[in-house]
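S.K.: what's the 3D shape of this:
(one chain, ligands or ions: 2)
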Amino acid sequence: MALLQLKQLHIAFKTYGGEVQAVRGVNLSLEKGETLAVVGESGCGKSVTAQSIMGLLPKGSAAIKQGEILFKGQDLTKLSAKKMRRIQGNEISMIFQDPMTSLNPSLTVGTQLTEGIRKHTSISASEANHKALEMLEVVGIANGKERLKQYPHEFSGGMRQRLMIAMALICKPDILIADEPTTALDVTIQAQILKLFKDIQRQTGVAIMLITHDLGVVAQLADRVHVMYAGKIVETSNRRELFYNPQHPYTKGLLHSVPRLDGSEAELEPIGGTPPDLFAPPAGCPFAPRCAYAMDVCRSHMPAETKITGTHAVSCWLQDPRAKQVFKELA
Ligand code: SF4
Ligand code: MG
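M.R.: Numbering: from 1, shown residues only. Ligands and ions are numbered 1, 2, ... in the order given. Here you go, the predicted model:
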């Protein structure tokens, strides 16, 4: 059984203009000890998907319309708020892009670091302190004893992100969700944090769900990848297939818009156009207005997910085996 499985997940936001279909039938599974990246432009539904797993969708405005979030076989969408709190931060943890938004500037690092473990277990203050020191060591923060007495502003950006990782891992969760964990950091620090994720995963076996728009981060960390566009997963593959054999025109576009290591930036081609309006999602392929290969069928009919290999699947009419038949009907 997968550790986490999303089945046909639909999430909508209420706004003054109507309902926005932010997530439209997402299927995804995460296995113990692996790193799964969910990649896409901002607004594609990746962060919303992550929030729904953590039970952190904004109350009142966002709702799961359909589908299941199975964690160790139990459907989180059906849990009471009380039961959900037992899972949040304990069995499933999350870290965000900007550590300062999740750290309290007026509490010591020690207090914040031990908060989670004291909430979820009945260990003594000195035991909690001991665990906090251990965690600082795991995330590479030296002088732990002194550090625990300090406040967040006394830490650099990179150190704060290490602190967030320590906070997220202190309860030994099965899953760590990291939403753009290195976006706010400079490149050198970013590389150190990515290495830290790998080391921690090797040590603890935690499964990581990585939410990112950055294919460089995917290249360094991910075992498997989902590419999301307009609330849907349009391509699923392992890391190698994504970079060496991308199939979806959107994935290819993303790869072309990344600067190359050899510095040939002249070839950088950002994808033109914008994602569709999700108040009224298109009937056909959501990428059609931006796609150089779009055909009539793309605009009227949704492509089905088609397997390329055992680990690689794409939703695009260029690969859909129904194409011949549907073209004939449309002609
Ligand atoms: Fe382009 Fe059509 Fe494939 Fe969509 S289904 S990505 S429009 S070719
Ligand atoms: Mg986001």
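
S.K.: Mind giving me the packing neighbours of the worst-scoring helix or strand of the chain on mean pLDDT?
M.R.: Across the helices and strands of the chain, mean confidence by mean pLDDT, DSSP states H and E is lowest for helix 99-102: a mean of 74. Contacts defined by 3 or more Cβ pairs under 8 Å, 6 or more residues apart in numbering; DSSP states H and E place helix 99-102 against helix 157-169. For the C-beta atoms, the positions are set from N, CA and C on the backbone; glycine is no exception.

S.K.: before we move on, the earlier item: determine how far the least confident helix or strand of the chain lies from the middle of the whole chain.
M.R.: Relative to its chain's centre, helix 99-102 lies at 18 Å (Cα atoms, centre = their mean, to the nearest Å).

S.K.: so the nearest residue to residue 167 once chain neighbours are set aside, which of the three states?
M.R.: Nearest residue to residue 167, sequence neighbours excluded (Cβ to Cβ, 6 or more residues apart in numbering): residue 113, at 5.6 Å. Secondary structure, DSSP: H, G, I helix; E, B strand; the rest coil: residue 113 is helix.

S.K.: Thought residue 148 was touching residue 113, still the case?
M.R.: Yes: if you go by Cβ atoms under 8 Å, residue 113 and residue 148 touch, sitting 6.9 Å apart.

S.K.: Out of those two, name the residue with the larger neighbour count.
M.R.: Remark: of residue 113 and residue 148, residue 113 carries more neighbours, 25 against 19, as counted by other Cβ atoms under 10 Å.

S.K.: returning to that earlier point: quick one: residues in contact with the least confident helix or strand of the chain.
M.R.: The contact list for helix 99-102 (Cβ atoms under 8 Å, 6 or more residues apart in numbering) reads 95-96, 152, 157, 160-161, 163-164, 167, 184.

S.K.: returning to what we had before: common neighbours of residue 113 and residue 148, please.
M.R.: Contacts common to residue 113 and residue 148, judged by Cβ under 8 Å, 6+ apart, are 132, 136.

S.K.: Show me which residues of the stretch 1-150 of the chain sit near ligand 1.
M.R.: Not one residue of the stretch 1-150 of the chain sits near ligand 1, judged by Cβ under 6 Å from any ligand atom.

S.K.: ugh, wrong one, I meant the stretch 151-300 of the chain
M.R.: Proximity of the stretch 151-300 of the chain to ligand 1, by Cβ under 6 Å from any ligand atom, involves residues 248-249, 285, 287-288, 291, 293-295, 298.

S.K.: Of the residues you listed - the most surrounded one?
M.R.: residue 285 leads these on contacts (other Cβ under 10 Å) with 29 neighbours.

S.K.: does the nearest residue to that one once chain neighbours are set aside sit in a helix or strand, and which one?
M.R.: Spatially, and ignoring its direct neighbours in sequence, residue 285 is nearest to residue 298 (4.5 Å; Cβ to Cβ, 6+ apart). Here residue 298, judged by DSSP states H and E, is contained in helix 296-300.

S.K.: quick one, strands of this structure?
M.R.: 4-15, 18-30, 35-39, 62-71, 74-75, 92-95, 175-179, 207-212, 224-229, 232-238, 305-309, 312-315 (DSSP state E).

S.K.: The longest one pairs with which strands?
M.R.: It refers to strand 18-30. With DSSP bridges as the test, strand 18-30 is paired with strand 4-15 (antiparallel).

S.K.: again, but for the shortest one
M.R.: Using DSSP bridges, the strands paired with strand 74-75 are strand 62-71 (antiparallel).

S.K.: Show me which positions of the strand it pairs with end up buried.
M.R.: Burial within strand 62-71, assessed by neighbour count using 16 or more other Cβ atoms under 10 Å, is assigned to 62-64, 67, 69-71.

S.K.: which stretches of the stretch 201-331 of the chain have low pLDDT?
M.R.: Scanning the stretch 201-331 of the chain for pLDDT under 70 picks out the ranges 259-268.

S.K.: redo that, cut-off 80
M.R.: Residue ranges of the stretch 201-331 of the chain with pLDDT under 80: 257-270, 327, 330-331.

S.K.: Please report the distance of the residue nearest to residue 167 from ligand 1.
M.R.: From residue 113 across to ligand 1, the span is 46 Å (Cβ to the nearest ligand atom, to the nearest Å).

S.K.: so what's that residue up against?
M.R.: Neighbour list for residue 113: 132, 135-136, 148, 163, 166-167, 170 [criterion: Cβ under 8 Å, 6+ apart].

S.K.: max-length helix in this structure?
M.R.: Longest helix in the chain by number of residues (criterion: DSSP state H): helix 187-204.

S.K.: Can you tell me the closest non-neighbouring residue to the residue most central in space within the chain?
M.R.: Taking Cα atoms, centre = their mean as the criterion, residue 211 is the residue nearest the geometric centre of the chain, at 2.4 Å. Leaving aside its sequence neighbours, residue 211 sits nearest to residue 179 (Cβ to Cβ, 6+ apart; 4.3 Å).
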